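A.B. asks: curious how this folds, go ahead:
(one chain, ligands or ions: 1)
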Amino acid sequence: MDKVYIEGLTIQTTIGFYQWEKEIKQKLVIDLQMGWNTRDAAENDELAKTLDYAAISEEIETFANNNPVDLLETLAERLAQHLMTSYHIPWLKLKIGKPGAVFNAATVGVEIERGSCS
Ligand SMILES: Nc1nc2c(c(=O)[nH]1)N=C([C@H](O)[C@@H](O)CO)CN2
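C.D. replies: Next up is the predicted model:
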């Protein structure tokens, strides 16, 4: 299956298990791969027939800010479901990194894969 992807999307949002984290915004870095048949868009050079990575990038930041949670796992699950439903995405792989969370690690985070490719 073809893919449309977003790599290294940096957002600022409220996320974390500890009380102090609920009062600040922290940086998350998001990589998203979305299964899509890109041939239909390519045939007539039509944005409306593909996944608009610019619109989806904005949607990700809006969703994270409107749905504060404790865990990266919860954000990943809810965001994946939201994007799959809203954009009819059959398969996606979503990685969310929280680079400021562990001082002696370059980054930490979660990666999930949902749906199926055909
Ligand atoms: N697997 C996870 N471990 C931890 C998470 C998380 O979201 N998933 N979150 C925290 C805290 O919020 C941390 O980022 C603050 O230092 C700890 N472990």
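
A.B. asks: residues from this protein in reach of the ligand?
C.D. replies: Applying Cβ under 6 Å from any ligand atom, we find that the chain lies next to the ligand at 16-18, 21, 71-73, 98, 101. (Glycine included, C-beta is placed from N, CA and C.)

A.B. asks: how does it look with 5 Å?
C.D. replies: 16-17, 71-72, 101 (Cβ under 5 Å from any ligand atom).

A.B. asks: now for those, which sits with the most neighbours around it?
C.D. replies: residue 72 (22 neighbours; other Cβ atoms under 10 Å).

A.B. asks: residue 18: how many residues sit nearby?
C.D. replies: Using other Cβ under 10 Å, residue 18 is surrounded by 8 other residues.

A.B. asks: what's near enough to touch it?
C.D. replies: If you count contacts by Cβ atoms under 8 Å, 6 or more residues apart in numbering, residue 18 has none.

A.B. asks: figure out how far the longest helix along the chain is from the centre of its chain.
C.D. replies: In the chain, assigned by DSSP state H, the helix with the most residues is helix 72-87. Relative to its chain's centre, helix 72-87 lies at 7 Å (Cα atoms, centre = their mean, to the nearest Å).

A.B. asks: what lines up beside the following helix or strand past it in the sheet?
C.D. replies: Using DSSP states H and E, the helix or strand that follows helix 72-87 in sequence is strand 91-97. Strands that pair with strand 91-97, judged by DSSP bridges, come out as strand 26-35 (antiparallel), strand 109-115 (antiparallel).

A.B. asks: most tightly surrounded among those strands?
C.D. replies: strand 26-35 (a mean of 19; mean count of other Cβ atoms under 10 Å).

A.B. asks: related to what we said a few turns ago, turn the strands paired with strand 91-97 into JSON lines, including mean pLDDT.
C.D. replies: Formatted as JSON lines, the strands paired with strand 91-97 follow (pLDDT from 0 to 100):
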{"stretch": "strand 26-35", "mean pLDDT": "98"}
{"stretch": "strand 109-115", "mean pLDDT": "98"}
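
A.B. asks: now these in JSON lines, with distance to residue 63?
C.D. replies: Below are the strands paired with strand 91-97 laid out as JSON lines (distance: least, Cβ to Cβ, whole Å):
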{"stretch": "strand 26-35", "distance to residue 63": "11"}
{"stretch": "strand 109-115", "distance to residue 63": "15"}
